[in-house]
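>>> 3D model of this:
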Amino acid sequence: MPQTLNFPTPPPFIIIHGGAWDIPSPLLDLSVVGVEIAAREGLTILLNGGTALDAVEVSVQSMESDPVFDAGYGSALTRSGAVEMDAIICSGVSENFGAVACLTKCKSAVKVARKVMEDSEHTMFVGEGADDFGKLKCPEDVVGGEELISEYAREHWERFKDYKGPVNELFNKGEEQKHPGDTVGAVAVDKFGNFASATSTGGIPFCEGGRVGDSPLPGCGADADNEVGACSTTGHGESLSRVKASRRVMEKMENGATPGDAAEAVLERMLKVTGGRGGIIVAKANGGGVGFSFSTVKMPWAVGCEEWGDKIESGILPNGKK
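Numbering: from 1, shown residues only. Next up, the predicted model:
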């Protein structure tokens, strides 16, 4: 049964996830601190009159720079030991999005994704095209591949580099899941009532080069629509893609479901149909508040809003406990 929680709170607000997996004890506190920092940075943008797009971009960038998470610096490594990052950012105002896949040469995939949305006539760049676009639009963020590899990611790759089985088995083990799946994401609504969402990932450990999961795909890794709300997903990318997780969550909210309940229903269906696990954060339009659900062992989360002042609610389980 997925772990689910709803927060009925007025905007502006932000909700963050730091990935859904069985987080080992040494990373528990660090994961919570990381999502709290990200939520606070995004909330500060909102409280100062900034846009939801600005808030989710800043929050996700915060987690991309934190080696605790599987995004940006700290990304999981492919079977060949390389970093390949995917990201998406979605605007609820225009229902436009920008995305990149298999990005290897920039610090922040979500920053490049926003440039795709706002500074190009396209919606997605992949591989060398994504790297070339990132070099053009974000030259200050260009790095070598080795600069994106954290010590933890390297140690993890060394420990399991001889694994020959299906990548799916490393992720969809429920209570026995011990392998990183901590894609990061943020959902926000600003004082203007505009929604935005963003998701960024370093992918699944040991996947083949060129593999793309759900994260950069609209309607799978994220979605935003001012008339409905917004969401961001994390978990086993192929499973989330197969069930079009974000789009299904939005459809359920359109039919009256609360944010957390909509996410829970989609995750239950995903587990039944694909055997895959994950987590989803959601915000609903017209005063519907925010919520989340996850079917993995744990998921670091954080929520902040104007009504609570500088207080950030956070945890790894729904009740805030670890």
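>>> only C-alpha atoms for contact and neighbour calcs from this point on.
Noted.
>>> hang on, S31 is in a helix, isn't it?
Yes - assignment of S31 by DSSP: H, G, I helix; E, B strand; the rest coil places it within a helix.
>>> what separates it from A302, distance-wise?
Look at S31 and A302: by CA to CA, to the nearest Å, they are 10 Å apart.
>>> Over to S120?
The value you get for S120 to A302, if CA to CA is used, is 32 Å.
>>> who's more crowded, those two?
Neighbours per residue (other CA atoms under 10 Å) separate S120 from A302, with A302 holding more: 27 against 13.
>>> how about the closest residue to the more buried one other than its chain neighbours, what does it touch?
Nearest non-adjacent residue to A302, counting by CA to CA, 6 or more residues apart in numbering: S314, 4.1 Å away. S314 sits next to 32, 35-36, 300-303, 320 when contact means CA atoms under 8 Å, 6 or more residues apart in numbering.
>>> what about 10 Å?
Going by CA atoms under 10 Å, 6 or more residues apart in numbering, S314 touches 15-17, 32-33, 35-36, 39, 300-304, 320-321.
>>> And for A82?
75-76, 104, 145-146, 148-149, 154, 206, 208-209.
>>> ok, 8 Å please
Contacts of A82 (CA under 8 Å, 6+ apart): 145, 209.
>>> just to revisit the earlier point, any idea how far the residue nearest to A302 is from E155?
28 Å.
>>> And what about D223, helix, strand or coil?
Reduced to three states by three-state DSSP, D223 is strand.
>>> wait, doesn't it sit right on S232?
Yes - contact criterion CA atoms under 8 Å: D223 and S232 qualify, at 6.8 Å.
>>> Between these two, which has more neighbouring residues?
S232 (37 against 34).
>>> Hmm, T201 and that one touching each other?
No - S232 is beyond contact range of T201, at 11.7 Å (criterion: CA under 8 Å).
>>> Surely G193 is in a helix?
No - using three-state DSSP, the assignment for G193 is coil, not a helix.
>>> residues touching it, list them.
11-12, 226.
>>> Generate JSON lines for those residues, with pLDDT as supplementary columns.
Formatted as JSON lines, the contacts of G193 follow (pLDDT from 0 to 100):
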{"residue": "P11", "pLDDT": "90"}
{"residue": "P12", "pLDDT": "95"}
{"residue": "N226", "pLDDT": "98"}
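>>> pLDDT wise, what is C207 at?
The per-residue pLDDT reported for C207 equals 85.
>>> Let's verify it: helix, strand, or coil?
Per three-state DSSP, C207 ends up coil.
>>> May I ask you to confirm that it is in contact with V83?
No - look at C207 against V83 with CA under 8 Å: they stay out of range, at 10.6 Å.
>>> In terms of neighbours, single out the busier of these two.
Neighbours of C207 and V83, each counted by other CA under 10 Å, are more numerous for V83; the result is 28 against 19.
>>> For the more buried one, which non-adjacent residue is spatially closest?
Closest to V83 by CA to CA, 6+ apart is L77, at 5.2 Å.
>>> what residues are up against that neighbour?
83-84, 149, 153-154, 157, 202-207.
>>> so what's it scoring on pLDDT?
Value for L77, per-residue pLDDT: 92.
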